[in-house]
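Asks: any chance you could fold what I've pasted below:
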Amino acid sequence: MPRIKIQRMFEFDPKDYPDGPGVYLMKDAAGRALYAGKAKSLRKRLASYFRGQTSPKTRAMLGRATSLETISTATEKEALLLEAGLIKKHRPRYNIVFRDDKDYVLFKLSKAHEFPRLSVTRRVVQDGSAYFGPFPSASLARGTLKALGRIFPLRKCSDRAFRNRVRPCLYHDMGQCPAPCVSKVSKERYALAVRQAELFLSGRSSELIRHLEKEMSAASHALLFERAARFRDQIRAVKATLEKQAVVLPDRRDIDVWASAETEKGLGLALLVVRQGRLLDKKTFFQPGLKVLDAPEAMEGFLIRFYGKTRLIPEKILLPWRLPGTALAEALSERRGRKVSLAQARSGAGKRLLEMARANALEAAQKGAARQAVPPGLLRVLGMEGPLERPLERPLERMEAVDVSHMHGKGARAGHVVFERGAFLPDQYRAFALPELSGRIDDCAALSAWVIRRVDLGPPWPDLLVIDGGRAQISAVQKALSQTPQAEKWGLLSLAKTPDETGRPERGAGAHSDRVFLPGRKNPLPLKPGGLELLFLQRLRDAAHEFVLGRQKRTRKKDMLAGGLLNLPGIGPKTARLLWDRFGSVSAMRRATVDELAVLSGLGLRRAQKIFKVLRDLDS
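Replies: Residues are numbered from 1 along each chain as shown. Below is the predicted model:
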């Protein structure tokens, strides 16, 4: 078997690097980060890259690297945390990322307040509050919160509204709030309701049911039948909620279970979320090109980013591999404020959970492999026709699609969506206002203006840019890019609607045979209508269109607010947003009563009366 020779632009001498913990950053000729890593020994870890026994991905990275930077740290834990920060800052192309840009939904009980409030949040803050969850979706969490409000009446208003309220709100009239804001309930009785809610949310439901049954029996013997009926309804509601959750661990512990499954295309990863012994949620990931042998090292960096400072960390995390060292456990324990145990499944229940997670990981790997790859036919066409100014050395990893939206020349917006490694990345979408084009209907000028803003945004750069438009639009973008050295190697193509017999772009259900243009080419590419290649490009184009149109509509709505409600005395941006979200129209706001206005968070009775008068004066 031939020995592979690694071409590199810098010389490596182990003596030049310390034999201690730290992080290293490999960069290309343009100074862009290619890879960030951490090591217990920088000298040994870096030397392993130059022994010839590396993966194809590593050889490709070393072939592009021209410089190497290192930062020494005191401990391996510090190196792990620093590596996570560098990956978040630079987003290196060759780092394993397992995209996860969304935090879980949690319940927050503000125990520092004398009358605690139960609310929904996505962030864990060390302010003395108790947190419960997670929940797989915000809608499910809010539905559960609504049900809990009927079972355990606690205040719904914010601390500011609580301080300013002078009369009970509508929730009190509906029996869902004891009105502690106006002293209609004692601290002791309110604390009892808080304790009951805590028992339920903490998984101690059996203890809660026994307590409620005891209270119901006492009320019944005292002939307080209405009170006994309320306890009966509470018991039924608690039992109905528990029936929807499957018990998977008899010891009622909080555990996260991770498992992996490998395919030819990459590695699938699955997480099972178990709280108080009940299976609450699952989450899956896919990383193309990753193998199980590389997974332990990749997982260590991923987990420190996944369990960030604002995420609820469980007491135990089950893993399919043994991770090297104790740095991760130490870092997670420090973030949680209590010990976090990293272990492999050994018991019967743990192994069953691991098998369940592995089945989900295999499904994620198969689905991820199916959707991850760019259609091969598209790559062949692009390589043959040569839209890129360099040969296709590797599959297209990062693609961006750009579109423009305006309302008859007003409120113009240009923006782009990002598709990388088989998935859209909403956190990297960007939209830009174009005030210099006010009153003009000129998509080419808008795209040229977008190029300037996109370059100012900086790397990572797209391997391929998909433009909504025809030859004129792609020429405008190409001209703007030619004046920008950083973007000279971007690949370009555009999608234009097929014209009908009148010469206008075809619309409606039959408008699926878009034409694809390349720079400098008069005729469109020969892509089959309805084929995978064209459908893939249309998917990118449509995502950009929906994103930019949504931003442009949001701007119009904001302008409408500014031109209407914000011109009224006593109504600022926050109050206008509250009114608009609650009532939806100015006419509905005019019909609202003082009590309906006072219920809004942060208003209070006095401000509600003033706003009521201002809105009614609009009729006169």
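
Asks: and Gly37, what is it in contact with?
Replies: 23-24, 45, 83, 301 (CB atoms under 8 Å, 6 or more residues apart in numbering). Where C-beta positions appear, they are placed from N, C-alpha and C, glycine not excepted.

Asks: tell me which of the residues you listed fall in strands.
Replies: By the criterion of DSSP state E, membership of those in strands covers 23-24.

Asks: tell me which of the contacts of Gly37 is nearest to Pro14?
Replies: Arg45 (10.4 Å; CB to CB).

Asks: who's the closest spatial neighbour of the closest one, skipping the chain neighbours?
Replies: Leaving aside its chain neighbours, Arg45 sits nearest to Ala39 (3.4 Å; criterion: CB to CB, 6 or more residues apart in numbering).

Asks: and what of Glu83?
Replies: Closest to Glu83 by CB to CB, 6+ apart is Lys38, at 4.0 Å.

Asks: who's the residue nearest to Arg45 bridged to?
Replies: On the basis of DSSP bridges, Ala39 is bridged to Gly22.

Asks: my guess is it contacts Ala79. True?
Replies: Yes - between Ala39 and Ala79 there is a contact under CB atoms under 8 Å: 6.9 Å.

Asks: give me the common contacts of these two.
Replies: Here Ala39 and Ala79 share the contacting residues 21-23, scored by CB under 8 Å, 6+ apart.

Asks: redo those residues as a markdown table? Include pLDDT.
Replies: Output for the shared contacts of Ala39 and Ala79, formatted as a markdown table (pLDDT from 0 to 100):
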| residue | pLDDT |
| --- | --- |
| Pro21 | 88 |
| Gly22 | 89 |
| Val23 | 90 |
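
Asks: dump those into TSV; add neighbour count and distance to Asp127 as well.
Replies: Listed next are the shared contacts of Ala39 and Ala79 as TSV, based on neighbours: other CB atoms under 10 Å; distance: CB to CB, whole Å:
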residue	neighbour count	distance to Asp127
Pro21	23	33
Gly22	25	34
Val23	24	32
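
Asks: looking at the residues you listed, spot the one nearest Ala343.
Replies: Nearest to Ala343 among these, with distances taken as CB to CB, is Pro21, at 23.9 Å.

Asks: residues in contact with that closest one?
Replies: Listed by CB under 8 Å, 6+ apart, the contact set of Pro21 reads 38-42, 72-76, 78-79.

Asks: 10 Å instead?
Replies: 38-42, 45, 72-80, 82, 325, 327 (CB atoms under 10 Å, 6 or more residues apart in numbering).

Asks: also Ser341?
Replies: By CB under 10 Å, 6+ apart, the neighbours of Ser341 are 255, 314-318, 329, 332-333.

Asks: could you redo the last one with a cut-off of 8 Å?
Replies: By CB under 8 Å, 6+ apart, the residues touching Ser341 are 315-317, 329.

Asks: go on, Arg606?
Replies: Contacts of Arg606 by CB under 8 Å, 6+ apart are 164, 166.

Asks: distance check, Ser67 against Ala598.
Replies: 63 Å (CB to CB, to the nearest Å).

Asks: does Leu492 sit in a helix, a strand or a coil?
Replies: Three-state assignment for Leu492 (DSSP: H, G, I helix; E, B strand; the rest coil): strand.

Asks: same check on the one 3 residues further on?
Replies: Assigned state for Leu495: strand (three-state reduction, three-state DSSP).

Asks: same deal with Thr310?
Replies: coil.

Asks: any idea of the pLDDT on it?
Replies: pLDDT, Thr310: 70.

Asks: nearest spatial neighbour of it, skipping sequence neighbours?
Replies: That would be Arg123: by CB to CB, 6+ apart, it lies 4.1 Å from Thr310.
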